[in-house]
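Trainee: Sharing a model prediction with you, sequence too.
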Amino acid sequence: MNRQYFAYMMREFSALFLALYSIILSFWMVQLATSEEFYLAFASLISSTPFLVLSGVMFVFSVYHSLTWFNLTAKAQTVKLGAVVIPPSFVVAGNILVWLIVSGLVALVLLG
Amino acid sequence: MTMAKQSKLKPFMWGGFTLGGIVAAFVLPALIAITNLAVPLGILPADGLVYSRMLTKFSNPVLKLIFAAVIVLTLYHAAYRLQTTFEELMLGRGRRLSWVLGYAFLIVGGGVVLYAMFLLPTGQPGLPIPLPFPVPIPGLP
């Protein structure tokens, strides 16, 4: 398997980890809605070593998805400011900036 | 599904896939980092995630809707992507199987999220989903 095809397959399979996390998050919501006991049990499960390893893998794949998605969108769409075509690298940088702001907002909502 | 029906649906399916990809790209890394890594590892304080505060936060219908949208759109994005990848790997032969594999996540997760959203923010035992194995609960006798 050549490197480019491997990277492409990893990008496609990053979706598997995104879906897995979404399901974990929805289970978390169910436990929250159910009772404090269930919520704490789930929090304890998330803190276990095997789960932390899985979370690490999910995090790496989610960052990979973000970076490849930003690259892809910059290539797929030409952004113009008047008559000036914005270079794709600027579009990627803009996406990363928005990503950082959104991440800060997520932290504010969850931890605030 | 006939070809005509499929081609009419395609723009909507593609639109949902793109929207899910954008939402997942911007929101998920921070969510995973906070809920599953930084707080459990003690890097960030867990105060904001304690039960009573989370219950108060999620009694807000707007936040509930945002979370439901993030989960469902991400699942849809993943389902679409996995279905096309499985189909490609099977060289177009296992089309039906690729749909089952790809959309299994969407069905399981979508079901759970609807159930969660229906229950929230009652905080009362409804139809709890017990964990499949016992987990020690810190702070509880």
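Mentor: Structure received. Since this is a predicted model, take the numbers as computed values, not measurements.
Trainee: For chain A, spot the helix or strand the model is least confident about on average.
Mentor: None of the helices or strands of chain A scores lower by mean pLDDT, DSSP states H and E than strand A:79-81, at a mean of 78.
Trainee: By neighbour count, which bits of the next helix or strand after that one are buried? Give me those.
Mentor: Next along the chain after strand A:79-81, taking DSSP states H and E as the criterion, comes strand A:84-86. For strand A:84-86, the neighbour count (16 or more other Cβ atoms under 10 Å in any protein chain shown) marks no residue as buried. (C-beta placed from N, C-alpha, C; glycine too.)
Trainee: Look up the closest residue to B:V23, ignoring the ones flanking it.
Mentor: B:L73 (4.8 Å; Cβ to Cβ, 6 or more residues apart in numbering or on different chains).
Trainee: same thing with A:L20?
Mentor: Using Cβ to Cβ, 6+ apart, the closest residue to A:L20 is A:M58 (6.3 Å).
Trainee: picking that back up, what residues of the host helix or strand of the residue nearest to B:V23 count as buried?
Mentor: Using DSSP H and E, B:L73 sits within helix B:61-89. For helix B:61-89, burial by neighbour count (16+ other Cβ under 10 Å) applies to B:64, B:67-68, B:70-83, B:85-87.
Trainee: and if you look at stretch A:9-25?
Mentor: A:11-25.
Trainee: now the angle between helix B:61-89 and the helix or strand harbouring A:Q4, please.
Mentor: Assigned by DSSP H and E, A:Q4 belongs to helix A:3-34. Helix A:3-34 and helix B:61-89 are oriented at 150 degrees to each other (axes from the mean of the first three to the mean of the last three Cα atoms, to 10 degrees).
Trainee: other SSEs contacting helix A:3-34?
Mentor: helix A:36-46, helix A:49-76, helix B:3-31, helix B:51-57, helix B:61-89, helix B:95-119 (3 or more Cβ pairs under 8 Å, 6 or more residues apart in numbering or on different chains; DSSP states H and E).
Trainee: I'd like those as CSV, with mean pLDDT and distance to A:G94 appended.
Mentor: Formatted as CSV, the helices and strands packed on helix A:3-34 follow (pLDDT from 0 to 100; distance: least, Cβ to Cβ, whole Å):
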stretch, mean pLDDT, distance to A:G94
helix A:36-46, 84, 33
helix A:49-76, 91, 9
helix B:3-31, 85, 12
helix B:51-57, 88, 30
helix B:61-89, 86, 21
helix B:95-119, 72, 31
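Trainee: for the ones you listed, which one sits closest to B:L37?
Mentor: helix A:49-76 (5.4 Å; Cβ to Cβ).
Trainee: So which residue is smack in the middle of chain A?
Mentor: A:S62 (3.6 Å; Cα atoms, centre = their mean).
Trainee: List the residues that contact it.
Mentor: A:S14, A:F17, A:L18, A:Y21, B:A24, B:L28, B:P29, B:I32 (Cβ atoms under 8 Å, 6 or more residues apart in numbering or on different chains).
Trainee: Closest one of these to B:R53?
Mentor: B:I32 (20.1 Å).
Trainee: what about that closest one, how many residues close to it?
Mentor: Counted by other Cβ atoms under 10 Å in any protein chain shown, the residues lying close to B:I32 total 25.
Trainee: Now the phi/psi pair for the most far-flung residue of chain A relative to its centre, please.
Mentor: Ranked by distance from the centre of chain A (Cα atoms, centre = their mean), the top residue is A:A83, with 33.6 Å. In terms of degrees, to the nearest 10, the main-chain angles of A:A83 are phi -100, psi -10.
Trainee: Give me the nearest residue to A:I96, chain neighbours excluded.
Mentor: In space, A:I96 is closest to A:F70, 6.5 Å off (Cβ to Cβ, 6+ apart).
Trainee: Cross-check the contact I'm expecting between the one you found and A:A93.
Mentor: No. Using Cβ atoms under 8 Å, A:F70 is not in contact with A:A93; the gap is 9.0 Å.
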